[in-house]
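pasting the sequence and the predicted coordinates here, then a few questions.
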Amino acid sequence: MADEAYLKVSDAKEAAAGAWMVVTLDKKKKVVLVSEGEGLETFKKALDASQVLWGLICVHGVDVRANVESVRRKLVQINWVGSGVKPMARSNALGGKAKVGKLIKGVAATIDATELFSGQEIVDKLCAAGGAHKPTYYSFGDEKIDLGFYDPANK
């Protein structure tokens, strides 16, 4: 099931803006799907403060010009260790990262988080990891962050 969710979120042509999945390790240290959905707000709600989780969200970098609109899909991985996770369980995060890395590939940015983050923090990571050309805005499905990088006359 985690494999199917990954394919849905990472599909280069079909993945919706804000498509996401959250996985964890079961008692046998196997990667299992916890939940999936669309939109940054529901993604953040799926990150339980009492668990070690790994999330993946598809963010659309949208470039709007006079007569052309192009969309580049960017995958962002969130390595989540909730604030309520006990110290012994925190150590599982390191071992789990390698297992999850076998499933999740091609990420543009990674965020290690113990508390909730904003869309702007994700955008900052994507901008730092990206090349010289920035999109007009990033879309999370339910939230859009304009980079304000380009002069409106140049659009």
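Yes, it's here.

lowest-scoring secondary structure element of the chain by mean pLDDT?
Lowest by mean pLDDT, DSSP states H and E among the helices and strands of the chain is helix 87-90, with a mean of 83.

residues touching it, excluding its own?
Val52, Val81 (Cβ atoms under 8 Å, 6 or more residues apart in numbering). From N, CA and C alone the C-beta is placed, and that goes for glycine too.

could you check how far it is from the centre of its chain?
24 Å (Cα atoms, centre = their mean, to the nearest Å).

need the CA coordinates for that helix. PDB is fine.
Presented in PDB, the C-alpha positions along helix 87-90 are these (Å, rounded to 0.1, in the frame of the first residue of the first chain):
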ATOM      1  CA  PRO A  87      13.800   9.400  23.900                       C
ATOM      2  CA  MET A  88      14.200   5.600  23.200                       C
ATOM      3  CA  ALA A  89      11.700   5.800  20.400                       C
ATOM      4  CA  ARG A  90      13.500   8.800  18.900                       C
END
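
run through who's touching the helix or strand following it.
Using DSSP states H and E, the helix or strand that follows helix 87-90 towards the C-terminus is helix 92-103. By Cβ under 8 Å, 6+ apart, the residues outside helix 92-103 that reach it are 2-3, 6, 23-25, 29-31, 52, 54, 79, 81.

okay, now the residue lying closest to Phe149 once chain neighbours are set aside: neighbour count?
Spatial nearest neighbour of Phe149, excluding adjacent residues (Cβ to Cβ, 6 or more residues apart in numbering): Lys134 at 4.7 Å. As a burial measure, Lys134 scores 17 neighbours (other Cβ atoms under 10 Å).

same check on Thr114?
Thr114 has 15 neighbouring residues, counting by other Cβ under 10 Å.

cool, Asp112 as well?
11.

element containing it?
Asp112 belongs to strand 109-113, assigned by DSSP H and E.

that strand pairs with which strands?
Strand 109-113 has the following strand partners under DSSP bridges: strand 69-81 (parallel).

tilt between the strand it pairs with and helix 92-103?
150 degrees (axes from the mean of the first three to the mean of the last three Cα atoms, to 10 degrees).

buried set for strand 69-81?
Neighbour counts over strand 69-81 (16 or more other Cβ atoms under 10 Å) mark Arg73, Lys74, Leu75, Val76, Gln77, Ile78, Asn79, Trp80, Val81 as buried.

check stretch 105-119 too.
Buried residues in stretch 105-119 (16+ other Cβ under 10 Å): Val107, Ala108, Ala109, Ile111, Ala113, Phe117, Gly119.
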